[in-house]
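Student: my questions are about this predicted structure, shown below with the sequence.
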Amino acid sequence: MCGRFALTATADQTAAFLGVGELQDFPARYNIAPTQPILMALAAPPRPPGSNLPDREALLVRWGLIPAWVKETRGFPLLFNARSEEAAGKASFRTAMRHRRALVPASGFYEWQQSGAAKGQAYWIRPRHGGLVAFAALMETYAEPGGSEMDTGALLTTAANPAIAHIHHRMPVVIEEKDFGRWLDCRRQEPRDVADLLKPAQPDFFEAIPVSSLVNKVANTGPEVQERFEAPPEPKQKAPSTTTPEDTQMSLF
């Protein structure tokens with residue numbers, strides 16, 4: 001799964017990477033969490049002949065997809081991830097997978113190595129050679145009972161590659177730049193036509209950097225959440241004594 005990520009590139013760098021029009025300046029975001037606004041790129045509506053407008057557009061959506069058929073959001077689960085293997089057939093994601101595939105720009109994501117029932121060591125997982133990465137995503141516009149509309153979205157995940165699997169068994173789907181157009185083209189490319197893109201990133205694509213538990217709290221939003229930190233190993237518990245009272249007595253024999 002992917003429950004936290006970061007976008008620290010500038011607006012100009014992000015717009016150029018996605019191939020969208022000019023973006024309004026925004027601050028670096030080091031700890032983006034579900035229910036917060038995230039940037040998405042989608043295919044733009046058909047342009048008139050000769051138009052110089054880009055064929056992709058950007059919008060802010062709430063991270064946590066709400067299907068259009070939901071009547072009451074209270075009690076409905078927060079769908080911030082969607083399993084890519086199931087999205088095309090699952091009721092919550094089927095329509096978005098066919099009509100509203102999207103890209104989410106990121107500088108990397110966070111994952112936790114489980115330690116029993118609790119979160120263990122946190123990792124900042126970023127492209128090994130730096131720069132931005134685009135996660136496969138889905139967008140859905142939800143019409144609230146009062147009449148207002150809210151754009152919502154979810155990230156697609158897949159099985160983790162061998163370099164990440166020791167941390168977590170899932171990872172976000174990465175769409176390569178050469179495949180942006182095909183992934184976003186929902187008019188001509190059906191879900192089955194882009195299924196080959198829903199695969200783990202190459203094992204050498206990401207590097208995992210251990211970080212502190214600061215990232216666990218949404219309120220921590222500064223660059224310090226990405227500073228390298230490795231928790232010391234837990235001390236080994238002393239084995240209980242197996243001696244008997246007789247063993248402790250002095251003996252003349």
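Tutor: Structure received.
Student: which stretches of the stretch 101-250 of the chain have low pLDDT?
Tutor: For the stretch 101-250 of the chain, the stretches flagged by pLDDT under 70 are 116-117, 233-250.
Student: all helices for it, in order.
Tutor: Here the stretch 101-250 of the chain has its helices, by DSSP state H, counting those that start in this stretch, at 180-184.
Student: so which strand or helix has residue 17?
Tutor: Per DSSP states H and E: residue 17 is located in helix 11-18.
Student: so which bits of that helix are buried?
Tutor: Judged by neighbour count using 16 or more other C-beta atoms under 10 Å, the buried positions of helix 11-18 are 14, 15, 17, 18. C-beta here means a position set from N, CA and C on the backbone, and glycine is covered the same way.
Student: and of the residues you listed, the nearest to residue 174?
Tutor: residue 17 (13.0 Å; C-beta to C-beta).
Student: any idea how far the closest residue to the closest one other than its chain neighbours lies from residue 61?
Tutor: With C-beta to C-beta, 6 or more residues apart in numbering as the measure, residue 132 is the residue that lies nearest to residue 17, at 4.7 Å, once sequence neighbours are left out. Going from residue 132 to residue 61 by C-beta to C-beta, to the nearest Å gives 18 Å.
Student: looking at these two, which one has more neighbours?
Tutor: residue 61 (23 against 18; other C-beta atoms under 10 Å).
Student: picking that back up, which SSE is immediately downstream of the helix holding residue 17?
Tutor: strand 29-32.
Student: hey, C-alpha coordinates of that following strand in PDB?
Tutor: Output of strand 29-32 as PDB, limited to C-alpha atoms (Å, rounded to 0.1, in the frame of the first residue of the first chain):
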ATOM      1  CA  ARG A  29       5.200  19.000   0.700                       C
ATOM      2  CA  TYR A  30       7.100  16.400   2.700                       C
ATOM      3  CA  ASN A  31       4.400  14.400   4.300                       C
ATOM      4  CA  ILE A  32       1.200  14.100   2.200                       C
END
